[in-house]
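**Student:** Compute the structure for the input listed below.
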Amino acid sequence: MAPVIIIGAGLAGWTTAREFRKLDATTPLMLISADNADFYAKPSLSNALTQGRTPERLVTTPAAKMAEQQNLTLLAHTRVTAIDAQAHRISTSAGQFEYSRLVLATGAQPIRLPLDGDASAEVLAINSLADFARFHARLNGADPAHKKSVLIMGAGLIGCEFANDLAAAGHPVTVVDPSTGPISGLLPAAAGAQIRAALAGLGVVWHFGATVKAVNLVAGSDGLQVELSNGQRCGANIVLSAIGLRADIALAQAAGIACDRAILVDPYLQTSSPDIYALGDGAQYASAGSRALPFVMPIMTAAKALAATLAGQATELVFPLMPVGIKTPALPTVVAAPAPGTVGDWCQVEDGLWQFIDAAGLNRGFVLTGAQTARRMEQAKLVRP
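**Tutor:** Coordinates of the predicted model:
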């Protein structure tokens, strides 16, 4: 029997394998990864410093142990180069393999903006354990006691989490973003202002209404000079880009699979090609109004539904309300954002509590900050689907 093949060893790939094995212990299963496939919690990358966790300590289960536990064939350090959907065959750097069903858990890659300057290639982005290892090595350098300064491009969720972690670990931090406040795409302005103030209390310097234009070397030092679009200049030892991710769809597109901003999947996570499925950061879910959901809980929910379908129990993906905890200990924050396009306004109910009320007067989401985060479950019950 041709195996079920999963491409990708991130949370989506490994969780699909684990959930599938709970339902089917015998069908051949193969997982292919471009990296070493060790299992780790990707969200831990943005709060590892204050926890004293090195890249090595972030690995929770080595790849070989994961493969043994899930009774699967693991092809690590292997690249998939083509999918022949009609022949049910993939081509890889390790040869060709036939599949009965194929799962694309190919994830997303950091968006790279073109920058001027002779050090533009020195800008880092963190989207994997290997990325974090490079950042960690640069951050510590030859003298770990010297707290290197970091300029972060992007004041979204990930940018703010890294800003909090770095500043709390003693590093001077500057954040540059074209918007008017932190995490402006998810939070009401007043909640964003609270995060701004809380991180400023750790020493974070904010530059809003601006973008990074150029990054240049400073002669005779390990420093960088960063030129902003508003003409200002900032010094830093490291520039970290946290401006978002772009779904990795090249493999799917080349195979003729329908894609938009990500790989399009129906409520059963099937792509436009029979027996090919997708989930994770690289998927655009019909069950979520044709949008991507790049957070842990959506991935876990999708993997469980897909595993049931792969095991012969066709299961439609239904997303529950999934509040997101933002890892900014300076101001703990939880957000359950309304669906994109929902008409309404954020209303402050109490200090640290906002609800999104739509045009019909219905509660479609909430934000909690500080001590109010303890009311997560209570507020979730009040949200109308």
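**Student:** and the longest helix along the chain, which residues are buried?
**Tutor:** Counting residues, the longest helix found in the chain (DSSP state H) is helix 296-310. Residues of helix 296-310 classed as buried by neighbour count (16 or more other Cβ atoms under 10 Å): 296, 298-299, 301-310. Where C-beta positions appear, they are placed from N, C-alpha and C, glycine not excepted.
**Student:** From these, pick the one nearest E19.
**Tutor:** Checking the buried residues of helix 296-310 against E19 with Cβ to Cβ, the nearest one is A307 at 3.5 Å.
**Student:** Quick check: the gap between the closest residue to that closest one other than its chain neighbours and L279.
**Tutor:** Once flanking residues are discounted, A307 sits nearest to E19: 3.5 Å by Cβ to Cβ, 6 or more residues apart in numbering. E19 sits 11 Å away from L279, going by Cβ to Cβ, to the nearest Å.
**Student:** name the element the residue of the chain most remote from its centre belongs to?
**Tutor:** Distance from the centre of the chain peaks at G220, with 36.6 Å (Cα atoms, centre = their mean). In the assignment (DSSP states H and E), G220 maps to no helix and no strand.
**Student:** distance of it from S149?
**Tutor:** G220 is 17 Å from S149, by Cβ to Cβ.
**Student:** could you list every residue that touches I195?
**Tutor:** The neighbours of I195, taking Cβ atoms under 8 Å, 6 or more residues apart in numbering as the test, are 160, 182-183, 187, 326, 328, 330-331, 333, 369.
**Student:** Mind doing that once more with 7 Å?
**Tutor:** 160, 182-183, 328, 331, 333 (Cβ atoms under 7 Å, 6 or more residues apart in numbering).
**Student:** taking those residues one by one, which sit in helices?
**Tutor:** Within the contacts of I195, residues falling in helices by DSSP H are C160.
**Student:** who wins for neighbours among the contacts of I195?
**Tutor:** Highest neighbour count within the contacts of I195, by other Cβ atoms under 10 Å: P182, with 33 neighbours.
**Student:** List the residues that contact it.
**Tutor:** For P182, the contact set (Cβ under 7 Å, 6+ apart) comprises 155, 160, 192, 195-196.
**Student:** Kindly report the same for G344.
**Tutor:** So G344 contacts 338, 356-359, 364 (Cβ under 7 Å, 6+ apart).
**Student:** Out of these, which end up buried?
**Tutor:** For these, buried by 16+ other Cβ under 10 Å: 338, 356-358, 364.
**Student:** overlap in contacts of E19 and L279?
**Tutor:** Common contact partners of E19 and L279 (Cβ under 7 Å, 6+ apart): A303.
**Student:** more crowded one of these two?
**Tutor:** The residue with more neighbours, out of E19 and L279, is L279; 30 against 21, by other Cβ under 10 Å.
**Student:** My guess is the more buried one contacts A12. True?
**Tutor:** Yes - using Cβ atoms under 7 Å as the test, L279 is close enough to A12 to be in contact (5.1 Å).
**Student:** Quick check on N216: phi, psi?
**Tutor:** phi -130, psi 150 (degrees, to the nearest 10).
**Student:** again but with A380, I slipped
**Tutor:** phi -60, psi -30.
**Student:** For it, which non-adjacent residue is spatially closest?
**Tutor:** Nearest non-adjacent residue to A380, counting by Cβ to Cβ, 6+ apart: L321, 5.4 Å away.
**Student:** quick one: pLDDT of that neighbour?
**Tutor:** With respect to pLDDT, L321 scores 93.
**Student:** Give me the phi and psi for it.
**Tutor:** The phi/psi pair for L321 (degrees, to the nearest 10) is phi -60, psi 130.
**Student:** unless I'm mixing things up, V226 is touching V239, no?
**Tutor:** Yes - if you go by Cβ under 7 Å, V226 and V239 touch, sitting 6.2 Å apart.
**Student:** Now for the two: what residues contact both?
**Tutor:** In terms of Cβ under 7 Å, 6+ apart, V226 and V239 are both contacted by the residues 151, 215.
**Student:** Tell me how many other residues crowd the residue nearest to A380.
**Tutor:** Counted with other Cβ under 10 Å, the neighbours of L321 add up to 14.
**Student:** list the buried ones in the helix or strand where G192 lies?
**Tutor:** G192 belongs to helix 189-200 when assigned by DSSP H and E. Within helix 189-200, the residues scored as buried using 16+ other Cβ under 10 Å are 191-192, 194-196, 198-199.
**Student:** Repeat that for stretch 314-324.
**Tutor:** Quick answer for stretch 314-324 (16+ other Cβ under 10 Å): 315, 317, 319, 323-324.
**Student:** what distance separates it from the centre of its chain?
**Tutor:** Centroid separation for stretch 314-324 versus its chain: 18 Å, with Cα atoms, centre = their mean, to the nearest Å.
**Student:** what does it rub up against?
**Tutor:** 267-269, 285, 287-288, 295, 297-298, 301-302, 305, 308-309, 334-336, 376, 380, 383.
**Student:** Now do it: distance from first to last residue.
**Tutor:** Its first and final residues considered, stretch 314-324 spans 28 Å by Cα to Cα, to the nearest Å.
**Student:** ok, now stretch 302-320?
**Tutor:** For stretch 302-320, the end-to-end distance is 11 Å (Cα to Cα).
**Student:** and it, how far from the chain's centre?
**Tutor:** Distance of stretch 302-320 from the chain centroid (Cα atoms, centre = their mean) equals 22 Å.
**Student:** I'd say K147 and H171 touch.
**Tutor:** Yes - proximity of K147 to H171 meets the contact threshold set by Cβ under 7 Å, at 4.9 Å.
**Student:** Tell me which of these two has more neighbours.
**Tutor:** The residue with more neighbours, out of K147 and H171, is H171; 20 against 15, by other Cβ under 10 Å.
**Student:** how about that one, phi and psi?
**Tutor:** Residue torsions, per degrees, to the nearest 10, at H171 are phi -90, psi 130.
**Student:** Test my guess that it contacts H146.
**Tutor:** No - contact criterion Cβ under 7 Å: H171 and H146 do not qualify, at 10.0 Å.
**Student:** Might you report the residue contacts of the residue nearest to the spatial centre of the chain?
**Tutor:** Nearest to the mean C-alpha position of the chain, counting by Cα atoms, centre = their mean, stands P294 at 5.3 Å. When contacts are counted by Cβ under 7 Å, 6+ apart, P294 touches 245, 281.
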